[in-house]
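**Q** coords please:
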Amino acid sequence: MSVLTSPRGKAEVVHCRRTESQDIFCIKSLIRKFTQKLFGRLNIIYLLEKANLAVTLCNDKEEIMAHAIFLDYPNWNVAKQDDWVSLFQELDNEIPCTPLNTLFMHFFVAVDEYSTGCLKEIIRTVFKAVPELYFIFLIVPTYVSLGSTLITVFDQVGNIPCLTYDEDFAVHICHRHDHYPQLHIRKARVEDHDDLMPIFMHYDNTLREIYGEYFLAELIEAQDEENHAVVCEVEGKAVGFMSVCSSVNLTLLHECFDLGPFHGFCVPHPDDLLEPSKESSIQGSQDTEIKSDSQGSQKVAEEPGVFASSEAIVETQEKQSEESSFDDMLSGTFSRLSDEMDMEQKFSVLSMVGDEDLTLSSESSLPSFLFPEESSHFRPIYLGESAAFCIQLFCIDEKYEARSLDFMSFVFSLFPHKNFCLISVPHLTPEFVLIQNFVKVVPFNNCTLEHDLYVFHRAGLLRSIKIRLANFVDTAGVENLVSTLVLSRKILDDFAQYNEACRDPDGTALQVFVAEVAKQIVGIAVIRKEMDIEYIRSHYNIEDFIYFSHHQQEEHGRLHHFALNPIFRHYTKFFLKEILRLGYKSCLYYPVYPQSRDSKVRGWRIGAHGGIPCALHLVSSSRDDLL
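**A** Take a look at the predicted model:
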C-alpha cells in the first residue's frame, strides 16, 4: 500500500496487482489522444494476451488509477523481436542491456490528476517483482514529446530508425537504481542488533526464549574465519540478516541425499570412487537377491505398519514437492540451521555435530528420475575437501525480500574456496523468495531427516546466460550435457534431425534451443510445432488460460525435451521465456502421460499415445510468472 497525493492535495491509498481481463473496459476509458500518439492505436486485449507483465494500480475502492504493459521486445517495429540486443547496445556502450535484464514499456495510462505518482509506483513495483530487471526502455516517435509524466522517470539515450517506413524513433531508458536499488551488503556489527530484533520477533520469538534477549548480538560477536554474520542495509538501517558457517556435516548428507550431481559437495580428488567395480557390482547384486528373499518376509512380520515401500515413499515425496511449489511465498522467513540450535528440532542438520545417534537404514535408494539406475547399495566415496558452507540463520524485512539474492555474492566472497551454499528447511516450510533460487537435492528413500536440503552454486551468480538456436558446433556440448540422462539418445537424435533438416521426416517444424554460459552448453530444449491444436482445444480447457483467437496456428508449440544444468535451475523461467520470444511462439504445451506399471523408464514420456488420457501443462507468453 502507498499513498499518492495530487497537486491539489487530495490523497489516495493505492496498491498494485496483476491485470485481469475484466479491467479492460476501465483501461480503455483512460486512453487519450496523446496516448495514441505515444504508443499507437493498439488492441488492448491482444496486447494483454501477449504481454510479459501487465500491472494495474487501484485505489482502496478498487477503482483503476493506472495501467502499464511490458514486453521483452521493442514496439513500433524498430527491431525484430528475436534480434534487438545488438541494436540497443549500440545506443550506449555503458548500458549492458540483455534479454535477462531488460523490458520494454508498450503501453501506459493513468488518471490525469495522479499520473506522475502512479507511474513511479508502477515502475517501483515492476523492479521489485522482477529482481533480474535493470532497464526499462520506452520508444516513442521523435516528433512526440513524452509529456510531463513519463519524462519524470525516463531519459533519452538516442534515436533508431523504423524497419517498415522512413521515420525515426526516440529511445528512453529507466534505471533500477533510481527506484528500487540493490541492497548494500556488509559484515554485521553489534549495533545492528536493535534494527534486526524487531524483524526476528515479528515472525518468531523461539530463539529469544531459548538463548536470551541478546542472542543475536552474541552471535555477531562470535564471528571468526568459519562463522560470519552479514546484514543488508537501506539508508543506514539494517533490514536483513544472514549467518553462514563453513563447517558442514557432509557425512550425514552423503547418507541421506543423492549428492552425485554435485560431486558430493567436495573438491574433486584423483582417488574418488564414483562408480562400483564390476566384481563388486556382480557380487552385490547376488547378495541383494539372497538377502531380500531370506529377510524380506521376516522384516515385514517384525515391523508391521512401519515399513513403507520405496514406491510409496517416492510418491509421497513427489506429492509434497508439488504441493509446496504452489504455496504462497513466505515473507520474512528465516531458516535455523546451526547445530548448536538443534534443540527441539529448531536447528540445522548441516553443521558439524560430532557423534550423533541417527537411525539410518541401509536399504537401497532411488536416484533422481533424470539419472540412470545405479547399483542399489553403492554410494560414491569422495575424498576431496569440503567445497560447501551453509546458511545457519536468515531473515529479511518483507519489503525487501525480493532482493534476498543480493546476499549471495557477498557471502561467497567470504569463502573464496567454497563453491556450494547449502540451506535446509523443514518439509512443510512454504517456499520463500531466497530459496526459489536454490536447487532441491533429491533425498534417498531411506532418509529419516525431517528437512529438505537446497543448494546454490557459485556459478549461479553469473548473469551472462544466453539462450539461442542451436547449431552443429554445439554437438559436443550437448552430448556432454545429456550424457547421464535416461532419454539422452532421443534428445541427441532430435538434435541431429534439427541440424540436418530443421524438421521431422513427416515435415513437422523442429526447433532446438540451447542455454550457454561462459561458452559452455548448460541447457537444451526441443520444440515442435503443435499440429493437434484443435484436438487439444476440444479436450482441454485451455481457453480458461488464453484467448485462443489471439494466437496464430504457428504460435503453438510442444515442448518435447528440456534439460538444464541444476546449477542454473533458477533460470528455468527465463529459458522458457526466451524460447517463446526467439521461436515466435505464444504458447507451449507439455503433455504428461500416465506411467505404465510395467515401464521402468524414469524420464519424460512424450510421444504419440493415441487415446491415452494425460495432463497438459501450458506455458504462455501472457503468463507474467515467467518473469
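
**Q** Could I get the contacting residues of residue 267?
**A** Shown in contact with residue 267 (CB atoms under 8 Å, 6 or more residues apart in numbering): 384, 385, 386, 387. Every residue, glycine included, has its C-beta placed from N, CA and C.

**Q** Mind checking which of these land in strands?
**A** Within the contacts of residue 267, no residue falls in strands by DSSP state E.

**Q** Where does the prediction get shaky in the stretch 351-500 of the chain?
**A** Applying pLDDT under 70 to the stretch 351-500 of the chain picks out residues 351-377.

**Q** just for this structure, where's the confidence low?
**A** 203-212, 278-377, 595-614, 621-625.

**Q** check contacts around residue 135.
**A** Here residue 135 is in contact with 95, 97, 101, 102, 103, 173, 174, 175, 176 (CB under 8 Å, 6+ apart).

**Q** ok, which pair from those residues is furthest apart?
**A** Using CB to CB, the two most remote members of the contacts of residue 135 are 95 and 103, lying 13.7 Å apart.

**Q** what about those two, which has more around it?
**A** Neighbours of residue 95 and residue 103, each counted by other CB atoms under 10 Å, are more numerous for residue 103; the result is 23 against 18.

**Q** Which of the three states applies to the more buried one?
**A** strand (DSSP: H, G, I helix; E, B strand; the rest coil).

**Q** which residues does it bridge with?
**A** When bridges are called by DSSP bridges, residue 103 pairs up with residue 136.

**Q** For it, give its distance to residue 21.
**A** To residue 21, residue 103 is 22 Å away according to CB to CB, to the nearest Å.

**Q** which residues of the stretch 451-600 of the chain fall in strands?
**A** In the stretch 451-600 of the chain, the segments counted as strands under DSSP state E, counting those that start in this stretch are 451-457, 466-469, 510-517, 520-529, 556-564, 587-592.

**Q** Those strands into TSV, with extra columns for mean neighbour count and distance to residue 6?
**A** Formatted as TSV, the strands of the stretch 451-600 of the chain follow (neighbours: other CB atoms under 10 Å; distance: least, CB to CB, whole Å):
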stretch	mean neighbour count	distance to residue 6
strand 451-457	23	45
strand 466-469	16	44
strand 510-517	21	47
strand 520-529	21	49
strand 556-564	21	46
strand 587-592	20	42
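
**Q** Tell me which of these lies nearest to residue 483.
**A** Among the strands of the stretch 451-600 of the chain, strand 556-564 comes nearest to residue 483, with 10.7 Å by CB to CB.

**Q** Which elements pack onto that closest one?
**A** helix 488-501, strand 520-529, helix 572-582, strand 587-592 (3 or more CB pairs under 8 Å, 6 or more residues apart in numbering; DSSP states H and E).

**Q** give me that answer again for 7 Å
**A** Judged by 3 or more CB pairs under 7 Å, 6 or more residues apart in numbering; DSSP states H and E, strand 556-564 is in contact with helix 488-501, strand 520-529, strand 587-592.

**Q** Tabulate the ones you listed (JSON lines), appending distance to residue 266.
**A** As requested, the helices and strands packed on strand 556-564 are exported to JSON lines (distance: least, CB to CB, whole Å):
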{"stretch": "helix 488-501", "distance to residue 266": "26"}
{"stretch": "strand 520-529", "distance to residue 266": "21"}
{"stretch": "strand 587-592", "distance to residue 266": "35"}
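
**Q** now for the ones you listed, which one comes closest to residue 391?
**A** The closest of those to residue 391 is strand 520-529. By CB to CB, the value is 24.3 Å.

**Q** picking that back up, most neighbours of all the contacts of residue 267, which one?
**A** residue 387 (22 neighbours).

**Q** That residue touches residue 416, doesn't it?
**A** No: using CB atoms under 7 Å, residue 387 makes no contact with residue 416, being 11.4 Å away.

**Q** What about residue 572, how many residues nearby?
**A** By other CB under 10 Å, 14 other residues sit near residue 572.

**Q** what's the answer for the one 10 residues further on, then?
**A** As a burial measure, residue 582 scores 17 neighbours (other CB under 10 Å).

**Q** Offset the numbering so it begins at 46, please.
**A** In the new numbering, first residue 46, that becomes residue 627.

**Q** Provide the backbone phi and psi angles at the residue nearest to it when sequence neighbours are not counted.
**A** Leaving aside its chain neighbours, residue 627 sits nearest to residue 127 (4.8 Å; criterion: CB to CB, 6 or more residues apart in numbering). Torsion angles at residue 127 (phi, psi; degrees, to the nearest 10) stand at phi -100, psi 10.
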